[in-house]
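Asker: Sequence and predicted structure, then a few things I'm wondering about:
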There are 2 protein chains.
Amino acid sequence: MTAAGTSPPAVPAGTVLVVGAGLIGTSVALALNRRGIAVRVEDVDPVNVAVAASRIEARSVVSPADEPDLVVVATPPDHLADSISAALIAHPSAYVTDVGSVKVQPLAQLRSRGAGPDLPRYVGSHPMAGSERSGPLAAAADLFDGRTWAVTPHDSSDPRAVATVESLVSACGAVVVHLTPEEHDLAVARISHLPHLMAALTAGLLRDAPPTHLALSGQGVRDVTRIAGGNPVLWRQIVSANADALQVLLGDVRRELDDLLEALGDGDARRVEDVLLSGAAGAAAVPGKHGGPVVDLVAVTVAIPDRPGALAQLFSEVGALGVNIEDVRIDHDPARAFGLVEIDVAEGAGEGLAESLRAGGWAAHR
Amino acid sequence: MTAAGTSPPAVPAGTVLVVGAGLIGTSVALALNRRGIAVRVEDVDPVNVAVAASRIEARSVVSPADEPDLVVVATPPDHLADSISAALIAHPSAYVTDVGSVKVQPLAQLRSRGAGPDLPRYVGSHPMAGSERSGPLAAAADLFDGRTWAVTPHDSSDPRAVATVESLVSACGAVVVHLTPEEHDLAVARISHLPHLMAALTAGLLRDAPPTHLALSGQGVRDVTRIAGGNPVLWRQIVSANADALQVLLGDVRRELDDLLEALGDGDARRVEDVLLSGAAGAAAVPGKHGGPVVDLVAVTVAIPDRPGALAQLFSEVGALGVNIEDVRIDHDPARAFGLVEIDVAEGAGEGLAESLRAGGWAAHR
């Protein structure tokens, strides 16, 4: 056990036990392993443990007899409180964190089952990283590199426990953001769970649409519905665990929706436009790359042959022009053997880039 | 005037008048101009006409004295019926089309104001292309290349008018999709207008969110809200003109939303999961690239320095490996001077690509 310090240690002291050898848990183990930190993995499924263990270097594997200094609980949302509680009891000298998507409900469950005396050793956390894949084979040591990782101490969290979890985040390559459990759940309800439900509602209406309608799909509908393709069982557990915050937000959506329906029925253009203006303001409020303010970008569209190497050639020429690419989209092309690539660049660079590409023989326009 | 044939001519016969020198109208003029087709542009704003005319090659500009064979109406949604009606009256021997986003309302307005005898010469159409920019300076000759362009004959449309509009679409480089006006409006309500409104409702809730909440934003919320950034005045005109279809769909959303709210309140996991399963099925139904069935893709994530040339180097190496890039996303990085790039490739190619990139010194994982 380390003493509380003014700055967290660079890596967690001692050894780390990861409970739950799925994508996130195994990625934590691999990230720590990369730093030479001793780590052990547990899972109710022995196959998951075997797969995870096979990916961890032998020198870093800890024997079950070694007491961990930190336990990282990475079980599915429905099992978080049970797993955290079990870890606090089984390892009475360890700090405990979890990596679940929701923080208030597990904490309330811990309190209601009398975990109070052990609670100072628990600090919740939540890495903002994932994958459309799941399981230990999909895990990666660099999954958290550069990502935000929320650390959410509760009222009675021991400062040494907080410092240890902060050192875990740093060791995994991520960036600490401090939030209370309540703030965290409201934040992820807004910027993750509600967008997921709205994408699911939008996509649900397309399920039985005729192919002739779907054939008109462009990048817009693909963007809006993409995240609705996520694992429904996992997302059911996440949104159910954050039901209180989501009911408030969905209630707000419902009021706006009713207002919009009424405005469309009345032919009230001003109220319809108000909804759209509000949406435009909200879209502008979502941070762009690197967490900074959204830079004014312009899209340059380029037609490229749909074959290996074509994108490389394009980006090579863009790079040679000294233009920094802020974002890239590859767009729908229903009938031809080429793709339409949209390259976002800073506003001042767009026209020059399009002209230079055209001079180089590309079909490019702003 | 060409006689009706079994296949449309390669290009519109005679000369073309474009009414409305905005992004779409001027792009139509430039696309026809590229094929050497004689074209003239009108606009209520003389500046727009001057800008558009300056971009059209002199040999193709037609004098106002030359009667057009085809008029392409490209005015804002609120002015479509007036402009189409005026074109039918001013050019009694010309076919007329429009490029508006909604087809039923302008047709009904034409009928209600007694355009019946002229209506056989009118066939609506709608290119599925655009830009976040507007105006003639943003126009491009290749804006429609490879895009879908709906052609929507009504009951009394002259087959020769339909063939002429089909030849316009081909000359502009786009691909014809035939729909009735009613089918078209329902299709775009589903795959464009409703997603836009859902994005606006989702984004609207983020307008006043605190920066600490927004700082947790990932690619998901950015994708869901991106199109909400579109021009609110233009979109108000579009959704107002398609209000009937949208009220039906928004009513469906409202029922699903009420069901979801009730299920969350009751803690009814099965019903919550049903909404998510329906969304996942809908997301899978949206066509992927090239209008074909969605290929099973996997994402390979690569960390790259945020400087000109880095993406080029990455894509050059991916191209050299013979892997075709299906899509690309550049992801949020709140604190570091590198970007996270997600490359979608066919499922079978993902693991090999990640391994090869790692062997080449990149931080890459599936």
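Answerer: Cool, the structure landed.

Asker: quick one: contacts for A:Pro195?
Answerer: By Cβ atoms under 8 Å, 6 or more residues apart in numbering or on different chains, the residues touching A:Pro195 are A:227, B:202, B:220-221, B:224-225. (C-beta placed from N, C-alpha, C; glycine too.)

Asker: tell me the mean pLDDT for the host helix or strand of it?
Answerer: Element membership for A:Pro195, per DSSP states H and E: helix A:194-204. Taken as a whole, helix A:194-204 has an average pLDDT of 97.

Asker: And the residue of the stretch 101-250 of chain A that's closest to chain B?
Answerer: For the stretch 101-250 of chain A, the residue closest to chain B is A:Ala200, as judged by Cβ to the nearest Cβ, at 2.7 Å.

Asker: Next up, the contacts around A:Glu273.
Answerer: A:Glu273 makes contact with B:232-233, B:236, according to Cβ under 8 Å, 6+ apart.

Asker: Backbone torsions only: list them for it.
Answerer: Note on A:Glu273: backbone dihedrals following degrees, to the nearest 10 are phi -70, psi -30.

Asker: Now do the strands in the stretch 101-250 of chain A.
Answerer: A:124-127, A:148-152, A:175-178 (DSSP state E, counting those that start in this stretch).

Asker: close to chain B, is the first one?
Answerer: Okay, so that is strand A:124-127. No - legend: contact between strand A:124-127 and chain B by Cβ under 8 Å from any Cβ of the partner chain is lacking; minimum distance shown is 8.6 Å.

Asker: now for that strand, which elements pack on it?
Answerer: Counting contacts by 3 or more Cβ pairs under 8 Å, 6 or more residues apart in numbering or on different chains; DSSP states H and E, strand A:124-127 packs against strand A:95-98, strand A:148-152, helix A:159-171, helix A:181-188.

Asker: Tell me the buried residues in it?
Answerer: Under the neighbour-count criterion of 16 or more other Cβ atoms under 10 Å in any protein chain shown, strand A:124-127 has A:124-127 buried.

Asker: now do the last one
Answerer: Neighbour-count burial for strand A:175-178 flags A:175-177 (criterion: 16+ other Cβ under 10 Å).

Asker: Given it, what are its sheet partners and their directions?
Answerer: Paired neighbours of strand A:175-178 in the sheet (DSSP bridges): strand A:148-152 (parallel).

Asker: now the angle from the strand it pairs with to helix A:159-171?
Answerer: 170 degrees (axes from the mean of the first three to the mean of the last three Cα atoms, to 10 degrees).

Asker: what comes into contact with strand A:148-152?
Answerer: Defining contact as Cβ under 8 Å, 6+ apart, one finds that strand A:148-152 is touched by A:103, A:123-129, A:162, A:165-166, A:169, A:172, A:174-181, A:183-184, A:187, A:291, B:215-216, B:334.

Asker: do stretch A:220-238 as well
Answerer: By Cβ under 8 Å, 6+ apart, stretch A:220-238 touches A:76-78, A:101-102, A:132, A:134, A:193, A:195-196, A:199-200, A:202-204, A:206, A:332, B:191-192, B:195-196, B:198-199, B:220, B:223-224, B:226-227, B:269, B:272-273, B:276-277, B:279-280, B:282-284, B:286, B:288.

Asker: ok now that stretch, how far from the chain's centre?
Answerer: How far stretch A:220-238 lies from its chain's middle: 12 Å, per Cα atoms, centre = their mean, to the nearest Å.

Asker: List the buried residues of it.
Answerer: Across stretch A:220-238, burial judged by 16+ other Cβ under 10 Å covers A:220-230, A:232, A:234-238.

Asker: Give me the neighbour count for whichever residue of the stretch 251-366 of chain A sits closest to chain B.
Answerer: Minimum separation of the stretch 251-366 of chain A from chain B (Cβ to the nearest Cβ) falls at A:Gly279, amounting to 2.7 Å. Residues within reach of A:Gly279, counting by other Cβ atoms under 10 Å in any protein chain shown, total 30.

Asker: Nearest residue to A:Leu214 in space, please, no chain neighbours.
Answerer: Nearest non-adjacent residue to A:Leu214, counting by Cβ to Cβ, 6 or more residues apart in numbering or on different chains: B:Pro287, 5.6 Å away.

Asker: Determine the three-state secondary structure at that neighbour.
Answerer: Following DSSP: H, G, I helix; E, B strand; the rest coil, B:Pro287 is assigned to coil.

Asker: Could you verify my assumption that it touches A:His213?
Answerer: No - look at B:Pro287 against A:His213 with Cβ atoms under 8 Å: they stay out of range, at 10.5 Å.

Asker: so where's chain A shaky on pLDDT?
Answerer: Along chain A, segments meeting pLDDT under 70 span A:1-13, A:58-65, A:131-133, A:288-296, A:305-309, A:330-339.

Asker: which residues of it fall in helices?
Answerer: Along chain A, counting by DSSP state H, helices occupy A:23-34, A:46-55, A:80-90, A:104-112, A:159-171, A:181-188, A:194-204, A:211-214, A:219-225, A:232-241, A:243-266, A:269-285, A:310-320, A:350-359.

Asker: Mark which of the contacts of stretch A:220-238 are buried, thanks.
Answerer: Looking at the contacts of stretch A:220-238 with 16+ other Cβ under 10 Å, the buried ones turn out to be A:77-78, A:101-102, A:193, A:195-196, A:199-200, A:202-204, A:206, A:332, B:191-192, B:195-196, B:198-199, B:220, B:223-224, B:226-227, B:269, B:272-273, B:276-277, B:279-280, B:282-284, B:286, B:288.

Asker: So A:Val165 sits against A:Asp98, correct?
Answerer: No - using Cβ under 8 Å, A:Val165 is not in contact with A:Asp98; the gap is 9.9 Å.

Asker: Need the overlap of contacts for these two.
Answerer: With Cβ under 8 Å, 6+ apart, A:Val165 and A:Asp98 have common neighbours A:Ser125.

Asker: need the contact list for the residue nearest to A:Ala363 when sequence neighbours are not counted.
Answerer: Leaving aside its chain neighbours, A:Ala363 sits nearest to A:Ala303 (4.2 Å; criterion: Cβ to Cβ, 6+ apart). Residues near A:Ala303 by Cβ under 8 Å, 6+ apart: A:338-341, A:362-364, B:142, B:145-146.

Asker: sorry, back to before: which of the helices of chain A is buried the deepest?
Answerer: Mean neighbours per residue, mean count of other Cβ atoms under 10 Å in any protein chain shown, is largest over these for helix A:194-204, with a mean of 28.

Asker: For A:Thr180, grab the count of nearby residues.
Answerer: A:Thr180 has 15 neighbours, counted by other Cβ under 10 Å.

Asker: Show the contacting residues for it.
Answerer: Contacts for A:Thr180 (Cβ under 8 Å, 6+ apart) come out as A:152-154.

Asker: rerun that using 7 Å as the cut-off
Answerer: Listed by Cβ atoms under 7 Å, 6 or more residues apart in numbering or on different chains, the contact partners of A:Thr180 are A:Thr152.

Asker: Likewise for A:Phe144?
Answerer: A:27, A:31, A:127, A:129, A:172-174.

Asker: could you redo the last one with a cut-off of 6 Å?
Answerer: Counting by Cβ atoms under 6 Å, 6 or more residues apart in numbering or on different chains, A:Phe144 touches A:31, A:127, A:129, A:172-174.

Asker: likewise A:Ala200?
Answerer: A:Ala200 sits next to A:228, B:275-276, B:279 when contact means Cβ under 6 Å, 6+ apart.
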